[in-house]
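[1] what follows is a protein structure lacking sequence information:
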């Protein structure tokens, strides 16, 4: 019996968590002063000619005619005849009645109507029109240029440090001890029985579907067989990341199965992917300052990638804090394309429609819903996103210009609160695959 050692090398994956700097598009509201025409109702005084009509006593000049009955003397010249006794002398005087003509010259007075005229005045109440120069004041719309605060959603590329699980391949020496036992004079003397002992420990393997390999004692190799891998159990894992989207909420700590996974996450923050065991995992989310528990739930996962959005409001009881689980599809988009999905997580906004470059891309997203179909494929470049209230043209967010790099995958989250100047409705744009995707 003789022993001999052989040293060979094989490639084994090694995983580690590394930090690196990336730039991500971040949309934030920016308030600036702009000069805009502003119209208000203001008192305006204008000169005018005022006409005033009122009833006043008016004196009129007139010729007065006065008719009254007065004694009137009329001169009379003429003759009149009347029967009077006339004495005749004759041989015998006699008297007889005869018509006698008398001449008269004088006057006669009798009562007659007499008309008198004289100049005079009379007074009566009549409408009198007065005009004078004055001014009138009334409220009119007045337009002035004023400095007005305007809030715009501005998207900038900002540096961000991420921790990610990186897998590298190392050359690992593998030593094999071979013991040869030759039985002479035996029909099987030409056969050899070999025993192999592994001298190294196999490192955990990290891949898109995570597995953990456990080291094991040496295994027995039978002559003429391929050496076996030193694995007793394979435990698949899921990859889970968390997004803090509780608008205006506190800093939070996230513990998984009793261990602190993420500490001091503020709004809005996205964590790196964390490997979790497939199956049920207890997740507890607490306020990092006063240690109040905000959420306590069981997260059931398979060997896939997931995103958990912590959403809701700490002040609106109708929208309590909750978790939204997203199934991440990090398979690579086609060449030159980007994959984009949208999540409605703005607690105070109604059902909305999503428009990309003026075209309705996702319809009727209710609060807490994810776009259907889940992902839209867009050409890499700058695109304009607008969020409208469903069933109307009322604009809820945007338009916002966002750059989507080709070969990358994005989640766009409608966030913020309506009628809140501190946290107005806006879009959070998160890159899902950080430059990596699965073929």
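    It's in. Keep in mind that what you see is a predicted model, and the values were worked out from it rather than measured. Numbers count the residues shown, from 1 in each chain.
[2] ok, now how distant is residue 83 from residue 99?
    Look at residue 83 and residue 99: by CB to CB, to the nearest Å, they are 5 Å apart. C-betas here are computed from N, CA, C, even on glycine.
[3] now swap in residue 267 and tell me
    Taking CB to CB, one finds residue 267 at 148 Å from residue 99.
[4] show me which of these two is the more surrounded one.
    Just comparing residue 267 and residue 99: by other CB atoms under 10 Å the higher neighbour count belongs to residue 267, 18 against 9.
[5] read off the pLDDT value for that one.
    Per-residue confidence at residue 267 stands at 87 (pLDDT).
[6] how about it, secondary structure?
    Classification of residue 267 using DSSP: H, G, I helix; E, B strand; the rest coil returns coil.
[7] next one: residue 420
    coil.
[8] could you number the chain from 8 rather than 1 from now on?
    Right, with 8 as the first residue, what we last looked at is residue 427.
[9] what's the neighbour count on it?
    For residue 427, the neighbour count with other CB under 10 Å is 12.
[10] residue contacts, it?
    254, 255, 355 (CB atoms under 8 Å, 6 or more residues apart in numbering).
[11] what's the distance between the closest residue in space to residue 375 that isn't next to it in sequence and residue 377?
    Using CB to CB, 6 or more residues apart in numbering and skipping residues adjacent in sequence, the residue nearest residue 375 is residue 331, 5.9 Å away. Separation of residue 331 from residue 377 (CB to CB): 8 Å.
[12] now do the shared contacts for these two.
    Residues touching both residue 331 and residue 377 (CB under 8 Å, 6+ apart) are residue 350.
[13] what stretches of the stretch 108-257 of the chain score poorly on pLDDT?
    Applying pLDDT under 70 to the stretch 108-257 of the chain flags residues 170-242.
[14] and the strands in it?
    Using DSSP state E, counting those that start in this stretch, the strands of the stretch 108-257 of the chain run over 217-220, 241-253.
[15] what about the nearest residue to residue 419 once chain neighbours are set aside, which SS state?
    Computed as CB to CB, 6+ apart, the closest residue to residue 419 that is not its neighbour in sequence is residue 349, at 4.8 Å. Following three-state DSSP, residue 349 is assigned to strand.
[16] break the chain down into its domains, please.
    9-39+167-239, 244-335, 341-446 (automatic domain parsing).
[17] and the most centrally placed residue in the chain, what helix or strand is that in?
    Nearest residue to the geometric centre of the chain (CA atoms, centre = their mean): residue 403, 2.9 Å. Counting by DSSP states H and E, the element that carries residue 403 is strand 402-411.
[18] any idea which residue of the chain is furthest from its center?
    residue 98 (155.9 Å).
[19] per-residue confidence at it?
    Value for residue 98, per-residue pLDDT: 81.
[20] which SS class is it?
    Criterion first, three-state DSSP; result for residue 98: coil.
[21] could you look up the SS state of the nearest residue to residue 320 once chain neighbours are set aside?
    Leaving aside its chain neighbours, residue 320 sits nearest to residue 326 (4.5 Å; criterion: CB to CB, 6+ apart). Secondary structure, three-state DSSP: residue 326 is coil.
[22] next, the contact list for residue 326, please.
    319, 320, 354, 355, 374.
[23] kindly recompute the last result at 10 Å.
    Residue 326 sits next to 253, 254, 318, 319, 320, 353, 354, 355, 374, 375, 424 when contact means CB atoms under 10 Å, 6 or more residues apart in numbering.
[24] now a ChimeraX select for only the buried ones of those.
    Here is the ChimeraX command that selects the buried residues among the contacts of residue 326 (16 or more other CB atoms under 10 Å):
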select :253,254,318,319,320,353,354,355,374,424
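[25] all helices of the stretch 158-307 of the chain, in order?
    Using DSSP state H, counting those that start in this stretch, the stretch 158-307 of the chain contains no helices.
[26] and the helix or strand harbouring residue 66, how far from the chain's centre?
    Residue 66 is part of strand 9-95, with elements assigned from DSSP H and E. Centroid separation for strand 9-95 versus its chain: 36 Å, with CA atoms, centre = their mean, to the nearest Å.
[27] what is the orientation angle of that strand with strand 402-411?
    Orientation of strand 9-95 against strand 402-411 (axes from the mean of the first three to the mean of the last three CA atoms, to 10 degrees) gives an angle of 140 degrees.
[28] what mean pLDDT does strand 9-95 have?
    Across strand 9-95, pLDDT averages out at 77.
[29] coming back round to it: mind putting the contacts of residue 427 into TSV with distance to residue 169?
    What follows is the contacts of residue 427, written out as TSV (distance: CB to CB, whole Å):
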residue	distance to residue 169
254	23
255	24
355	30
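[30] between these, which is closest to residue 112?
    Lowest distance from residue 112 to the contacts of residue 427 (CB to CB) belongs to residue 355, with 126.7 Å.
[31] pLDDT wise, what is the closest residue to the closest one other than its chain neighbours at?
    Spatially, and ignoring its direct neighbours in sequence, residue 355 is nearest to residue 425 (4.1 Å; CB to CB, 6+ apart). Per-residue pLDDT puts residue 425 at 80.
[32] thinking residue 425 is in contact with residue 431, fair?
    Yes. Residue 425 lies in contact with residue 431 (CB atoms under 10 Å); the separation is 8.0 Å.
[33] what about residue 38, distance to residue 274?
    Remark: distance between residue 38 and residue 274 (CB to CB) = 19 Å.
[34] what does residue 148 give?
    The gap separating residue 148 from residue 274 is 42 Å, by CB to CB.
[35] cool, and residue 46?
    Relative to residue 274, and taking CB to CB, residue 46 is found at 38 Å.
[36] could you do residue 310 as well?
    From residue 310 to residue 274 the distance is 31 Å (CB to CB).
[37] and for residue 401?
    According to CB to CB, residue 401 and residue 274 sit 26 Å apart.
[38] same check on residue 41?
    Taking CB to CB, one finds residue 41 at 28 Å from residue 274.
[39] who's in contact with residue 125?
    70, 71, 72, 73.
[40] please name the nearest non-neighbouring residue to the second one.
    For residue 71, ignoring the flanking residues on the chain, the nearest one in space by CB to CB, 6+ apart is residue 127 at 4.6 Å.
[41] span of stretch 363-376 from start to end?
    End-to-end span of stretch 363-376 (CA to CA, to the nearest Å): 18 Å.
[42] out of residue 425 and residue 431, which sits in the busier spot?
    Neighbours were counted for residue 425 and for residue 431 using other CB under 10 Å; residue 431 has more, 18 against 13.
[43] for the more buried one, give me its contacts.
    Residue 431 touches 36, 38, 158, 160, 254, 353, 404, 422, 423, 424, 425, counting by CB under 10 Å, 6+ apart.
[44] pLDDT score assigned to it?
    At residue 431, pLDDT is 88.
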